[in-house]
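J.: Mind looking at a prediction? Sequence and model below.
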Amino acid sequence: MTPVVVDVEGLRMRYGRTDVLDGVSLQVRQGEVLALLGPNGAGKTTTIEILEGFRLASAGRAEVLGTDPARGGEAWRARVGVVLQSWRDHGKWRVRELLAHQASYYPGRPWDADELIAAVGLTGHAGKKIRTLSGGQRRRLDVAIGIVGRPEVLFLDEPTAGFDPQARREFHDLVGGLDTTVLLTTHDLDEAEKLADRIAVLDRGRIIADGTPYEPAGQIAGADRVRWKRGGQRFTESTPDSTAFIRELFRQYGDSISEVEVHRACAADARRPVVHARRGVRGHGVHAGHARAAEHPGHERLRRHGLHEPALSGGAWPMLALVVVVGMAATLPLGAILGSVFADSRSQGLIQLLMIAVIAISGIFYPITALPVWVQVVAQVFPVYWLGLGMRSALLPGDAVSVEIGESWRHVEMTGVLGAWVVFGLVVAPIVLRGMARGESGSGVAARRERVLQRIG
């Protein structure tokens, strides 16, 4: 039997309270091409980084060429090739110079630079500087660097990300001609089927299917596979009712959803289109529009086609209006107090500058979780953060899992802070303003009396 060169059992990886990998087990045999298929965030890159020795697993066992990657020395690393998703190179290097330099690090019999350049199809670019190469040519150079030491195992992490169709086809031909064991990650089923002898489907940190390119669909038969893009990332979900799932998807995320694809996930129907005509997709949340089905070999691609209804769920308009009106009503008296206390233009300019900074860190313009932790803490001191939180919770139907502190709307805290703000702005502030007005009025009368006495005297 062909020897096993990659052996993983019960692999776990935890970040805080989140299990990125939850008991991953797989094997790759010598000469085999295995594709680790799954959506972004499934744990593909984490798995491959552990196998490359770049990351320590929380639990489980991993061996590559009979060695724990975390303990692999220079001799072991010389037997392993790595092609990352991206890497920073020296743009001033020329292709031949860089490959010759890389080859000098490897013992034994590494590739000759010119032979390797020919093997990856860069003969006409050997003397060019790296910064002048196209994206596809750069990726070929990445592969050349990965195999320059004639590795026994080659790891490819999302090798065709950002490629145009022609560059993708050329790269597939290149990988298909490599005479070595390959473990690659991808979120593209078509790519996995073209390149791999076996496909392992990774979803939410677990292997949910493993087999030949046409077996995984059968292993999760009975469910449609829905793919979509949101926030620049691609996601995949298996569901028995793709129509209801897509409707709920648009209800939750609205216009941020694009490039929805539906695959029939069963062996007999894996190549059958699911949708055959333009379909209206309507919901009750922050979206309303149409999805158009455009037939492609093997799948249907659904695209958003425009908004035709209000972008707020039922009952959200009164809540949004209440938050805005009450917020303005509570803010105006406070602004009047500040304007009275700091009457000179320099002080008012400084206050406006500080307010701009407060608004900038409030999370109104972009997710507050993108800011440093200490800025998130400071932002919560100011009511404007809570006002923005209230407006977003009125607009959006569900918890904003990835963009809000604590991954929720924090309704109890928000109600308390905004309630205190309203009481201070609508009750306390007017009392203070009336007191200031009386004091100012009294001082004005005294000043006029003093001027009259001076004239008389």
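T.: Received the coordinates, thanks.
J.: For the stretch 1-150 of the chain, which residues score under the pLDDT cut-off?
T.: Low-confidence segments of the stretch 1-150 of the chain (pLDDT under 70): 86-90.
J.: Where do the helices of it begin and end?
T.: For the stretch 1-150 of the chain, the helices defined by DSSP state H, counting those that start in this stretch cover 44-52, 74-77, 95-103, 113-119, 135-147.
J.: where's the closest residue to T123 other than its chain neighbours relative to S258, distance?
T.: Counting by C-beta to C-beta, 6 or more residues apart in numbering, the nearest residue to T123 once its immediate chain neighbours are dropped is I117, at 5.7 Å. Every residue, glycine included, has its C-beta placed from N, CA and C. I117 sits 39 Å away from S258, going by C-beta to C-beta, to the nearest Å.
J.: One more: L418?
T.: Using C-beta to C-beta, which is the criterion applied here, L418 is 34 Å from S258.
J.: Tell me which of these two has more neighbours.
T.: More crowded of L418 and S258, by other C-beta atoms under 10 Å: L418, with 19 against 13.
J.: tell me the contacts of I361?
T.: The contact partners of I361, taken as C-beta atoms under 8 Å, 6 or more residues apart in numbering, are 368, 371, 375, 378-379, 385.
J.: Quick check, pLDDT for R449.
T.: You'll see R449 listed with a pLDDT of 55.
J.: Please read the previous query as pertaining to A343.
T.: 72.
J.: now the stretch 351-457 of the chain, which segments are flagged as low pLDDT?
T.: In the stretch 351-457 of the chain, residues with pLDDT under 70: 366, 394-403, 406-408, 437, 439-457.
J.: how about a cut-off of 80?
T.: 362-371, 390-411, 425-426, 429-430, 432-457 (pLDDT under 80).
J.: all helices of it, in order?
T.: 373-379, 383-395, 411-423, 429-456.
J.: Out of the contacts of I361, which end up buried?
T.: Neighbour counting with 16 or more other C-beta atoms under 10 Å marks 368, 371, 379, 385 as buried within the contacts of I361.
J.: can you put those residues in CSV and add distance to L426?
T.: Formatted as CSV, the buried ones among the contacts of I361 follow (distance: C-beta to C-beta, whole Å):
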residue, distance to L426
I368, 27
L371, 31
A379, 24
Y385, 20
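J.: Out of the residues you listed, flag the one nearest to I147.
T.: Nearest to I147 among these: L371, at 41.8 Å, using C-beta to C-beta.
J.: any idea how far the nearest residue to the closest one once chain neighbours are set aside lies from T212?
T.: Distance criterion C-beta to C-beta, 6+ apart; nearest residue to L371, sequence neighbours excluded, is I361 at 6.3 Å. According to C-beta to C-beta, I361 stands 52 Å off from T212.
J.: What distance do you get for the residue most central in space within the chain to L98?
T.: Nearest to the geometric centre of the chain sits Q233, at 5.2 Å (C-alpha atoms, centre = their mean). Distance from Q233 to L98, counting by C-beta to C-beta: 32 Å.
J.: again with I147
T.: Where L98 is concerned, I147 sits at a distance of 14 Å (C-beta to C-beta).
J.: Kindly report the same for R139.
T.: 14 Å.
J.: neighbour-wise, which of the two wins?
T.: Taking neighbours as other C-beta under 10 Å, R139 and L98 compare with R139 leading, 25 against 19.
J.: That one reaches A167, doesn't it?
T.: Yes: using C-beta atoms under 8 Å, R139 is in contact with A167, at 7.3 Å.
J.: Identify the contacts common to those two.
T.: Joint contacts of R139 and A167 (C-beta under 8 Å, 6+ apart) are T160.
J.: quick one on the thing from earlier: and E248, which of the helices of the stretch 1-150 of the chain is closest to it?
T.: Closest among these, once you apply C-beta to C-beta, is helix 44-52, at 25.8 Å.
J.: which other helices and strands contact the closest one?
T.: Counting by 3 or more C-beta pairs under 8 Å, 6 or more residues apart in numbering; DSSP states H and E, the packing neighbours recorded for helix 44-52 are strand 4-15, strand 18-29, strand 33-37, strand 59-64, strand 153-157, strand 181-186.
J.: let's see it at 7 Å
T.: strand 4-15, strand 18-29, strand 59-64, strand 153-157, strand 181-186 (3 or more C-beta pairs under 7 Å, 6 or more residues apart in numbering; DSSP states H and E).
J.: now the angle from it to strand 18-29?
T.: 60 degrees (axes from the mean of the first three to the mean of the last three C-alpha atoms, to 10 degrees).
J.: what sits against the residue nearest to L184 when sequence neighbours are not counted?
T.: Spatially, and ignoring its direct neighbours in sequence, L184 is nearest to L156 (3.9 Å; C-beta to C-beta, 6+ apart). Going by C-beta atoms under 7 Å, 6 or more residues apart in numbering, L156 touches 83, 182, 184.
J.: can you pull the buried residues of stretch 200-213?
T.: 200-203, 205-207, 209-210, 213.
J.: Now tabulate the residues you listed in TSV and tack on distance to Y106.
T.: What follows is the buried residues of stretch 200-213, written out as TSV (distance: C-beta to C-beta, whole Å):
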residue	distance to Y106
A200	30
V201	34
L202	31
D203	37
G205	34
R206	36
I207	33
A209	37
D210	33
P213	33
